[in-house]
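*Asks:* Build the 3D model from these lines:
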Amino acid sequence: MHPSDRLEVTLAGMRFHARVGILGHEQVLPQPLAVDVTLRRAAGSTELLDYREVYRRTRDRFDRQPLDYLETIASDIAGSLLEIAGVASVRVAVRKPHVMLEGPLEYAEIVVEREHE
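*Replies:* Presented below is the predicted three-dimensional model:
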């Protein structure tokens, strides 16, 4: 690759089971969550973005349960991924398919986008 090439790495549809939410049953019963992350390499960087490291950092956030809000999960993952050498910005989407609402819903999604300041 040429150093001026714009490079993005995406891991889509990672799945985790977590006790997440503020309702009583959400703190006891694990529920599925889906996570997508996209990392953008810094301009001029030649660092390789290792999929294994991206996955490990994402998974590690789910090891600290119970979790409270999807916003916190996405923000924590974004912060961790920005620590990887050569990463300029990240986009983290966390989806929760089982949301207790009065009507049909495929999922609720929180997206956090962050870049180095």
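*Asks:* secondary structure class for Thr58?
*Replies:* Following DSSP: H, G, I helix; E, B strand; the rest coil, Thr58 is assigned to helix.
*Asks:* From here on, call the first residue 701.
*Replies:* In the new count, where the first residue is 701, that last one comes out as Thr758.
*Asks:* ranges for the helices of the protein?
*Replies:* 751-762, 770-782 (DSSP state H).
*Asks:* can you list the residues that contact the first one?
*Replies:* To tie it back to what came earlier, the one meant is helix 751-762. For helix 751-762, the external contacting residues (CB atoms under 8 Å, 6 or more residues apart in numbering) are 709, 711, 714, 716, 718, 733, 735, 737, 739, 773, 776-777, 780-781, 784. Just so you know, the C-beta spots here come from the backbone N, C-alpha and C atoms, and that holds for glycine as well.
*Asks:* Can you turn the buried part of those into a PyMOL selection?
*Replies:* Of these, the buried ones can be selected in PyMOL as follows, counting by 16 or more other CB atoms under 10 Å:
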select buried, resi 709+714+716+718+733+735+737+739+773+776+777+780+781+784
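*Asks:* Just name the closest of the contacts of helix 751-762 to Met800, please.
*Replies:* Nearest to Met800 among these, counting by CB to CB, is Leu733 at 15.1 Å.
*Asks:* Next, count neighbours for Gln731.
*Replies:* Neighbourhood size, Gln731 [other CB atoms under 10 Å]: 16.
*Asks:* Next up, phi/psi of the nearest residue to it once chain neighbours are set aside, please.
*Replies:* What sits nearest to Gln731 in space, not counting adjacent residues and going by CB to CB, 6 or more residues apart in numbering, is His798, at 5.1 Å. For His798, the backbone dihedrals (degrees, to the nearest 10) come out as phi -100, psi 80.
*Asks:* returning to that earlier point: can you name the two of the contacts of helix 751-762 that sit furthest apart?
*Replies:* Among the contacts of helix 751-762, Val709 and Ala718 lie farthest apart (CB to CB), at 23.6 Å.
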